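Colleague: just a sequence and a predicted model for now, questions to come.
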Amino acid sequence: MQPGKIIVGAMRFADEAAAVAAVRRAIDYGFNYVDTSPCYCYTSDEVNSERWVGKAIDHPDYRARVMISAKCATGNGGFGLGEFEGRKGFGVRTAAQFTEVFDQSRRRLGVERFDYYHLWTTHTKEQFDEAFKKGGWYDGLLSRRDQWGTLGITTHADNDTIIRFLESGKFKTVTLPLNVINRVRMRTVEYCRENGIAVIAMNPLAGGFLAADNRLKELALRYLMRLDNVHVLVGFQTVEHVEYAGWIRDTMPRYGKSAGEILAEVDSLIDAQEPRCTACGYCLPCPQDITVGACLSYYNIYHYMGLESAKKAFRDKQWEDGLRLDRCVACGQCESRCPNGLPVVSIIEKAKEALYG
Ligand code: SF4
Ligand code: SF4
């Protein structure tokens, strides 16, 4: 079985009933890959996404039609190394910790084997090296070789760092933030296309805030559906969300616009004459580890479209170090690299006022 274009993200369910209904509806729609983790929807060992997905697939008909992906991390979800927090899958630093978390996921999900397993939330070289040290995460994974199929990595790192991870040759998939207003990792997408590594696009609706506008929501999903070798990880909450994604998929063959035309329409919706950041990513790296394009994407939507939800989404995502625009020291390095010749430092000042104000 090969993963379909749309992947079921199991991180946003309100409760077990909603999860079971949505996952089963998704499988009935032919969405054949469910991505979960030990910490999604976690309240206790009994109340969490893995348990709920396990309930949804606890039927031979559903189980036979879906692939299951699970994961755990050496890190803490952000950019640091984690203290071991096995129940949530963070800070997995030894092979023994790995097998404990791996078996916990198998138990919660009620599966013998994972079709996919991911080195999760790996954003830095330090986190990556920790996984591959002797007696660490990767050795634990190898000790369970008959219980998983394909290895992937999940990361928010910059292009150079991700490509270095992938050059290890260990991964067949990479899950990274990618959406119609955050395309800073397109160089990695291109690398993956050339090297036979599947891309799983997380944050397709920019943490949900693109969904606040119906036209943007549709364009955002259609844009990703148009990209070769890219799968779209949608964090479903309800059966209606599943049905909407099914409608998008089913109407793509007769949808006339190319990816470029979709981008042009998104630009036209963002009504502004002045030059704007296109989130191309060429201004990286920033000495303060700020992902300028991603930050300014939130600013563009907030400022030019008046979507309050963009401001909230930006603030909610402050745990993601790349979005800490408040750490900008106005050194101007990004401005000197911007191929669009933007006055980036002054735009950042305006964005800080707008997004933190
Ligand atoms: S001006 Fe700010 S965002 Fe740009 S490189 Fe310097 S610190 Fe980073
Ligand atoms: S500031 Fe310039 S270089 Fe940086 S992401 Fe935006 S358009 Fe690209």
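Modeller: Perfect, I can see it now. Ligands and ions are numbered 1, 2, ... in the order given.
Colleague: when you work out contacts or count neighbours from here on, use the C-alpha atoms and nothing else.
Modeller: Noted.
Colleague: need the contact list for the residue in the stretch 101-250 of the chain positioned nearest to ligand 1.
Modeller: With CA to the nearest ligand atom, the shortest gap between the stretch 101-250 of the chain and ligand 1 falls at residue 158, namely 13.5 Å. Going by CA atoms under 8 Å, 6 or more residues apart in numbering, residue 158 touches 185, 284, 285.
Colleague: then residue 347?
Modeller: Taking CA under 8 Å, 6+ apart, one finds nothing in contact with residue 347.
Colleague: swap in residue 51?
Modeller: Each residue near residue 51 by CA under 8 Å, 6+ apart is listed here: 108, 109.
Colleague: going by secondary structure, it is in what exactly?
Modeller: Assigned by DSSP states H and E, residue 51 belongs to helix 49-56.
Colleague: burial of the residue in the stretch 1-150 of the chain positioned nearest to ligand 1, as a residue count?
Modeller: Of all residues in the stretch 1-150 of the chain, residue 79 sits closest to ligand 1, at 17.1 Å by CA to the nearest ligand atom. Using other CA atoms under 10 Å, the number of residues around residue 79 comes to 20.
Colleague: cool, residue 4 as well?
Modeller: The number of residues near residue 4, taken as other CA under 10 Å, comes to 14.
Colleague: hmm, who's touching stretch 223-236?
Modeller: 4-13, 22, 179-180, 189, 193, 198-204, 221, 242, 249, 252, 258-259, 262-263.
Colleague: give me that answer again for 6 Å
Modeller: Here stretch 223-236 makes contact (CA atoms under 6 Å, 6 or more residues apart in numbering) with 5-12, 198-202, 259.
Colleague: also stretch 96-108?
Modeller: With CA under 6 Å, 6+ apart, stretch 96-108 has contacts from 50, 51, 86, 92, 137, 140.
Colleague: try stretch 314-322
Modeller: Contacts for stretch 314-322 (CA under 6 Å, 6+ apart): 289, 290, 291.
Colleague: again, only this time at 10 Å
Modeller: Residues from elsewhere that reach stretch 314-322, judged by CA atoms under 10 Å, 6 or more residues apart in numbering: 77-79, 123, 156-158, 206-207, 209, 286, 288-299, 302, 309-311, 323-327, 355-356.
Colleague: out of those, which end up buried?
Modeller: 77-79, 123, 156-158, 206-207, 209, 289-299, 302, 309-311, 323-326, 355 (16 or more other CA atoms under 10 Å).
Colleague: just checking, next helix/strand downstream of the helix holding residue 51?
Modeller: Following helix 49-56 in sequence, per DSSP H and E, is helix 60-64.
Colleague: list the buried residues for the next helix or strand after that next one?
Modeller: Per DSSP H and E, the first helix or strand lying C-terminal to helix 60-64 is strand 67-72. Neighbour counts over strand 67-72 (16+ other CA under 10 Å) mark 67, 68, 69, 70, 71, 72 as buried.
Colleague: mind picking the two most distant members of those?
Modeller: Spatially, the most separated pair among the buried residues of strand 67-72 is 67 and 72, at 17.4 Å (CA to CA).
Colleague: tell me how far the helix holding residue 51 is from the chain's mean position?
Modeller: 20 Å (CA atoms, centre = their mean, to the nearest Å).
Colleague: near ligand 1, which residues of the stretch 251-357 of the chain?
Modeller: 286-288, 290, 292, 328-334, 345 (CA under 6 Å from any ligand atom).
Colleague: which parts of this protein belong to which domain?
Modeller: With domains defined by automatic domain parsing, the chain comprises 6-262, 271-356.
Colleague: first vs last residue of the first one, how far apart are they?
Modeller: Looking at domain 6-262, the gap from its leading to its trailing residue is 19 Å under the measure CA to CA, to the nearest Å.
Colleague: quick one: low-confidence parts of this structure?
Modeller: 207-209, 270-274, 339 (pLDDT under 70).
Colleague: can you tell me the number of residues neighbouring the closest residue to residue 10 other than its chain neighbours?
Modeller: Excluding the flanking residues, the one nearest residue 10 by CA to CA, 6 or more residues apart in numbering is residue 36, at 5.2 Å. Neighbours of residue 36 under the rule other CA under 10 Å: 26.
Colleague: ok, now how distant is residue 36 from residue 7?
Modeller: 11 Å.
Colleague: now do residue 258
Modeller: Counting by CA to CA, the separation of residue 258 from residue 7 is 22 Å.
Colleague: so which of these two has more stuff around it?
Modeller: Comparing residue 258 with residue 7 by neighbour count (other CA under 10 Å), the higher total belongs to residue 7, at 23 against 13.
Colleague: that one bridge partners, please.
Modeller: Counting by DSSP bridges, residue 7 forms beta bridges with residue 233.
Colleague: closest residue of the stretch 101-250 of the chain to ligand 2?
Modeller: Per CA to the nearest ligand atom, residue 184 is where the stretch 101-250 of the chain lies closest to ligand 2, at 6.7 Å.
Colleague: spatially nearest residue to that residue, not counting backbone neighbours?
Modeller: Once chain neighbours are set aside, the closest to residue 184 by CA to CA, 6+ apart is residue 281, at 4.3 Å.
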